Every structure is written in structure tokens, then in C-alpha cells.
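Chemist: compute the structure for the input listed below.
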Amino acid sequence: MPDYDVTTPLDTDYYEVFAGIPAADRAFWDRARQFSLESGDELADAWDKAEYPLHLVRRLGELDLLTDGVAGDGLTPMSPLAAGLVNMEISRGDGSMGTVIAVQGGLALRSIALHGSDEQKAAWLAPLARAEKLGAFALTEPDHGSDSTSLETTAHRTADGWVLNGEKKWIGNGSVGDVTVVWARDDEGNVRGFLVEQNTPGYNAETITGKASLRAIHQAHIRLENCLVPADAVLPGTRTFRDTSTVLHATRAAVAWSALGHATAVFEAALSYSKQRIQFGKPLASFQIVQERLTEMLSQLTSMQLYCLRVAELDAAGALGPTQASLAKYHCTRTARQVAANARDLLGGNGILVQNRVITHMADIEAIHTYEGTESIQALLIGRSLTGVSALAR
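Modeler: Below you'll find the predicted structure:
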């Protein structure tokens with residue numbers, strides 16, 4: 001059976017959306033491309049075996065690709081466009097590593113940068129950015145995903161600090177990291193964030209197995225059982241769920257960029273394959289129906305590029321609203337699913353081989369379509385902004 005080259009980047013940019021980007025942003029993108037090219041085969045194997053290659057996470061830190069544009073002492077400035085391009089490129093190579101950036105930089109690092117004390121920032125920002133330490137963000141619970149405002153994890157204040165009790169689920173790095181930002185309700189019902197080092201007694205984390213998506217990163221089911229943390233473990237800037245939301249709103253734009261990376265990978269795989277695969281004595285690319293599908297996929301991919309670029313421009317101007325980020329995620333993850341389905345179909349049986357990576361991207365898109373707010377939740381948030389009427393459950 002012939003081998004097909006379907007993973008070489010083609011830099012598809014039909015409208016030249018990314019032409020003339022600033023040199024500083026290009027430098028981040030180039031380092032992300034370097035990582036994707038160097039690690040592609042290893043990550044495909046890790047995905048197949050459901051292994052988490054932590055040394056590649058360290059490599060992302062060495063290349064200064066983990067901050068997701070978060071600003072803080074000791075962190076290299078990264079524009080929203082650069083952060084988006086990094087998310088796009090890393091996800092184009094592998095979705096699990098794209099999720100590493102979302103967890104390490106987008107959630108854990110951002111929580112501390114936005115809401116931490118000066119001492120907490122000094123202790124954690126630079127080590128997390130360099131991947132000398134691994135961070136996690138524990139909000140979702142077994143019974144509370146989309147309705148995370150109903151979280152049941154508790155934080156009871158004592159003379160010795162805080163005692164945490166509850167469960168968290170789907171927590172990236174939660175079983176293999178160093179510190180977890182745990183969200184819980186205090187005795188007054190306020191939502192607070194706590195820095196919990198993972199070796200703390202009462203912090204029990206089990207890696208979730210049996211996943212068919214994001215197989216090269218580990219997520220955990222965490223049980224907090226009378227987990228005592230010091231008084232200064234609380235993030236002082238957290239008081240309500242709105243403080244949690246400031247972190248989540250920022251990551252939704254990043255998920256849109258990640259979806260763009262996945263869609264780029266599968267579109268380019270389909271395009272390359274159509275030129276190499278011979279059927280009925282001629283390349284697939286010569287068939288009318290194949291050209292029509294490729295055109296449809298290109299139109300979808302280009303729309304995603306335009307969405308993401310505009311979101312980055314609004315973010316850089318300080319004008320990006322929460323529901324504008326929601327719309328980008330809503331459109332891009334939905335559209336990426338459609339592009340992936342067409343790509344898988346065009347590759348036929350070869351589309352389900354891990355070595356060709358289309359099926360891995362297709363599976364990973366299912367995860368990003370759900371996390372950081374499901375399609376339904378994004379639609380309700382956008383609908384509320386359009387109509388002034390909330391359809392969310394009360």
C-alpha cells in the first residue's frame with residue numbers, strides 16, 4: 001500500500017488573512033511550527049497509545065509557547081494574534097498539545113495572573129510559563145458541567161487555613177501536575193479559587209482512562225477529602241463566579257483558534273490526498289465531486305480564519321466582549337466538525353488510520369466542541385445578548 005504525504009503543512013490562506021503579520025508574532029508562529037514538525041510522529045504514536053509525553057510539554061515551555069498571551073512579571077509579551085497563531089499551529093499538529101496550552105496557560109496561569117497575590121504570582125507565573133511546574137484548573141464536577149455555577153465543592157475556614165471537600169472531573173494535568181486551581185464555595189457561599197499543591201494530603205486524583213479524544217494528555221477525576229490548605233492558598237481576587245468567568249471568557253477565543261488549527265490540518269490532508277490517490281486510473285482531484293467538496297471546505301476554513309483574525313484585533317484593542325468570543329467558539333468548532341467529516345470521507349478507509357491523523361483531529365474536535373462551554377451554552381449566551389431575554393435555567 002502506498003504511503004501518502006498528508007501531514008506536510010500547505011499554509012492555506014486563500015484570502016491572505018495572515019499576510020504581513022508583525023515579525024514578533026511570526027516568530028511565535030515559527031517556533032510553534034518547529035515544534036509541530038519535530039513532534040508530529042511521536043505525538044501520533046502517543047495518541048494511539050494514550051500516553052502523555054510530558055517531555056514535550058517541557059519543550060513547549062522551553063520554546064515559550066505556553067502563556068496564551070497572559071501578561072505578568074517574568075512572562076514574554078505575546079499579542080492576541082500571536083497567542084492565536086500558536087494555538088492554531090499547535091492544534092494543527094496535535095490537539096492534545098493544544099489542550100496543554102489551554103490548561104497550562106489559558107486557565108491555570110491566567111487564573112493566577114488575574115486573581116493571585118503578588119506572592120502567588122512570584123511563586124508560580126514564571127515556572128508555569130516555562131513548564132518547570134505543571135498547573136491544572138479544577139472547576140467542572142461530576143454533576144456540574146454546563147451548570148458550573150452550581151458547584152458543590154466546599155471550602156471551610158479554620159484556624160489552620162481552609163478545608164476543601166468535593167469532587168472535580170475532566171481536569172487536565174490534575175493527576176500529573178504540581179498545582180491545581182480549585183474552585184469552591186466558602187462558608188458564605190462565595191466562589192473562591194484556591195492554589196492546591198497536588199501532593200497535599202486529601203488531594204486524590206485518578207487519571208481518566210478509556211477516552212477516544214485528546215488521548216495524549218491526561219485528565220483526572222479529583223476527590224478532595226478534608227484537604228487542608230494554608231490561609232494564603234486562596235486567590236485574593238476571587239469572590240464570585242464572575243471572577244471565574246473572566247478566565248473562561250478569555251479562553252473561548254483560544255478554542256476558536258484551536259478549531260481553526262484542526263480544520264486546517266484535515267483540509268490540507270484531504271487536498272494533498274486527492275492529488276496523490278489514484279482511482280479509476282486518475283487522481284481523485286480530477287473528479288468533479290471531489291473538487292466541489294474541497295471548495296466547500298476551503299470556504300469554511302476561510303470563514304474561520306476571518307473570525308479568528310477579527311477576534312484577535314478586537315482583543316488587542318481591548319474591545320472583545322464575552323459573547324463575541326462565544327460566537328467565535330460557536331462558529332469555529334461547529335465548522336471544524338463539518339470540515340473534518342468531509343476530510344475523513346475523502347480519504348476513504350485511509351481516513352481512519354492514525355498515521356494520517358485525520359481521524360485523530362476529528363476525535364479531538366469533539367472535545368474542544370464541548371469544553372470551555374458547550375455549543376448549547378454558547379448559543380444561549382449569544383441569544384441573551386441578542387434578545388435581552390435569558391433562556392438559561394435559573
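
Chemist: show me where the stretch 201-350 of the chain has strands.
Modeler: 203-207, 219-229, 278-279, 282-283 (DSSP state E, counting those that start in this stretch).

Chemist: any idea which of these is most buried?
Modeler: strand 219-229 (a mean of 20; mean count of other CB atoms under 10 Å). Glycine gets a C-beta too; all of them are placed from N, C-alpha and C.

Chemist: sec struct for Gly166, please.
Modeler: strand (DSSP: H, G, I helix; E, B strand; the rest coil).

Chemist: what's the answer for Thr200, then?
Modeler: coil.

Chemist: hey, what's the nearest residue to it once chain neighbours are set aside bridged with?
Modeler: Leaving aside its sequence neighbours, Thr200 sits nearest to Cys227 (CB to CB, 6 or more residues apart in numbering; 5.8 Å). Counting by DSSP bridges, Cys227 forms beta bridges with Leu164.

Chemist: now do the same contact list for Cys227.
Modeler: By CB atoms under 8 Å, 6 or more residues apart in numbering, the residues touching Cys227 are 163-165, 196, 200-203.

Chemist: same question, Tyr15
Modeler: So Tyr15 contacts 302, 305-306 (CB under 8 Å, 6+ apart).

Chemist: tell me the pLDDT at the residue of the chain positioned farthest from its centre?
Modeler: Most distant residue from the mean C-alpha position of the chain: Gly281, 42.3 Å away (CA atoms, centre = their mean). You'll see Gly281 listed with a pLDDT of 95.

Chemist: state the phi and psi torsions of it.
Modeler: The phi/psi pair for Gly281 (degrees, to the nearest 10) reads phi 80, psi 10.

Chemist: so what's Asp243 up against?
Modeler: Asp243 neighbours (CB under 8 Å, 6+ apart): 114-115, 191, 193, 237.

Chemist: wait, which of these is closest to Ala256?
Modeler: The closest of the contacts of Asp243 to Ala256 turns out to be Leu114 (CB to CB; 20.2 Å).

Chemist: what confidence value was assigned to Asn190?
Modeler: Taking Asn190 on its own, its pLDDT is 93.

Chemist: surely Asp48 and Val354 touch.
Modeler: Yes - Asp48 lies in contact with Val354 (CB atoms under 8 Å); the separation is 4.7 Å.

Chemist: thinking again about what came up before, among the contacts of Cys227, name the buried ones.
Modeler: 163-165, 196, 200, 203 (16 or more other CB atoms under 10 Å).

Chemist: now do the buried residues in the lengthiest helix in the chain.
Modeler: Looking across the chain with DSSP state H, the single longest helix is helix 241-276. Under the neighbour-count criterion of 16+ other CB under 10 Å, helix 241-276 has 241, 243-244, 247-274 buried.
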